[in-house]
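Asker: starting from these lines, generate the structure:
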Amino acid sequence: MNPERKLEGLMKGILTDTVLVGIDEAGLGPILGPLVVSAAAFTIPAGGIKEPMWQLLGDSVSGEKKSLAGRLLICDSKKAYTPAIGTAYLEKTVLACLQYLGKAPTSVAELVNMLSPDCNSRLSQYPWHKENSHIKFNADDISISASAFARDLEKNAMTLAALKSFCFDVAYYNDMVQKVNNKSTVLFTAVCRLVDEIIKSTQHRNYHFIIDRQGGRTRYTRQLRTMFSDMELKILAEQDDLSSYQLSTSYKNVRIDFCVRADAEHLPVCLASMTSKYLREQLMGCLNSYFVSKCGELKPTAGYWTDGKRFINDLKAIAPQIQYDPNQLIRSR
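Answerer: Alright, predicted model coming up:
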């Protein structure tokens, strides 16, 4: 192709394509382990898409475990992960998507560096994150799935543009909560940071963010005005099931939808949910491996309130010899 025509085509895409982004979190409720918020960004044609993404990408992905037939499972992480199943579905999907983006982590540290690089220096201060834990997976299976996903996206004039996370390790989370005295505000700040990073990291003009409803809140005007003070804000809807806003400058148009059941109805949100859960589970695996290696009588924990409390009590009763910084292990709220 003529280089000038190729450049013209690229610029046309920059001007007309929409970046469709799903954002979701994992780990808001636990007492142990990180809170992870992730964004999955796709470019879609200027006219939008007329069918659900699961249908458009049906050759390579599915929203259901039944009859996967080698396809990637992309659904709410609560369906993709259970303690009995483990991280197999999460791992295959997240690693295949990262491979599509030219990234192939073989350790937890590399995974963190690819998804949430700002967190790596903080994690290095934790005893349970000092060892470089390896990720074991079927490379051929991941490669085949990534290739099928790439073909499906290309066929529909779409791309996976980015997979990003913001990871609140426990000490950092505690510091942030102490400053604002509200964990919902901490979560919303991370959501807005991801929005800002994606807007600034591409040259596209049109963005559409779909985010799961934040704690039942229906009005976000004040928070958005604070976080995006350099953009004009318009309220499109503030209803029981949808709160929608338009942020704009002379060269950027950003729609943000806070939706009820976003993690069940929108593929990008599901992918963000699975990414958050996978990263959190990998980091929890490091924590459990560290403490169990110090005392084999300790039972691993998922970190949620009841079991997290049990783990803390077990540390005191069974393994009082293990020294740790409570501010690195236990969340303040």
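Asker: what packs against the helix or strand harbouring Asp140?
Answerer: Secondary structure assignment for Asp140, by DSSP states H and E: helix 139-155. Packing partners of helix 139-155 (3 or more CB pairs under 8 Å, 6 or more residues apart in numbering; DSSP states H and E): helix 88-100, strand 159-168. Quick note: C-beta positions are derived from backbone N, CA and C, even for glycine.
Asker: tell me the angle whatever helix or strand Val177 lives in makes with strand 159-168.
Answerer: Assessed by DSSP H and E, Val177 sits inside helix 170-180. For helix 170-180 against strand 159-168, the angle by axes from the mean of the first three to the mean of the last three CA atoms, to 10 degrees is 80 degrees.
Asker: can I get the following helix or strand past helix 170-180 in PDB, CA atoms only?
Answerer: On the C-terminal side of helix 170-180, the nearest following helix or strand under DSSP H and E is helix 183-201. Output of helix 183-201 as PDB, limited to C-alpha atoms (Å, rounded to 0.1, in the frame of the first residue of the first chain):
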ATOM      1  CA  LYS A 183     -12.900   3.200  50.600                       C
ATOM      2  CA  SER A 184     -15.500   4.000  48.000                       C
ATOM      3  CA  THR A 185     -13.600   7.300  47.300                       C
ATOM      4  CA  VAL A 186     -10.400   5.300  46.900                       C
ATOM      5  CA  LEU A 187     -12.100   3.000  44.400                       C
ATOM      6  CA  PHE A 188     -13.600   5.900  42.400                       C
ATOM      7  CA  THR A 189     -10.200   7.600  42.300                       C
ATOM      8  CA  ALA A 190      -8.600   4.500  40.800                       C
ATOM      9  CA  VAL A 191     -11.500   4.300  38.200                       C
ATOM     10  CA  CYS A 192     -10.900   7.900  37.200                       C
ATOM     11  CA  ARG A 193      -7.200   7.300  37.000                       C
ATOM     12  CA  LEU A 194      -7.700   4.500  34.500                       C
ATOM     13  CA  VAL A 195     -10.100   6.700  32.500                       C
ATOM     14  CA  ASP A 196      -7.500   9.400  32.400                       C
ATOM     15  CA  GLU A 197      -4.600   7.100  31.400                       C
ATOM     16  CA  ILE A 198      -6.600   5.600  28.500                       C
ATOM     17  CA  ILE A 199      -7.700   9.000  27.200                       C
ATOM     18  CA  LYS A 200      -4.200  10.300  27.300                       C
ATOM     19  CA  SER A 201      -2.500   7.200  25.900                       C
END
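Asker: so which bits of helix 183-201 are buried?
Answerer: Across helix 183-201, burial judged by 16 or more other CB atoms under 10 Å covers 183, 186-195, 198-199.
Asker: residue ranges in the stretch 101-250 of the chain under the pLDDT threshold?
Answerer: Scanning the stretch 101-250 of the chain for pLDDT under 70 picks out nothing.
Asker: ramachandran coordinates for Asn182?
Answerer: phi -160, psi 120 (degrees, to the nearest 10).
Asker: quick one, what contacts the residue positioned nearest the centre of the chain?
Answerer: A centroid search over the chain (CA atoms, centre = their mean) returns Ser38, at 2.1 Å, as the residue closest to the centre. Contact analysis of Ser38 by CB atoms under 8 Å, 6 or more residues apart in numbering lists 23-26, 115, 163-166, 194, 272-273, 275-276, 279.
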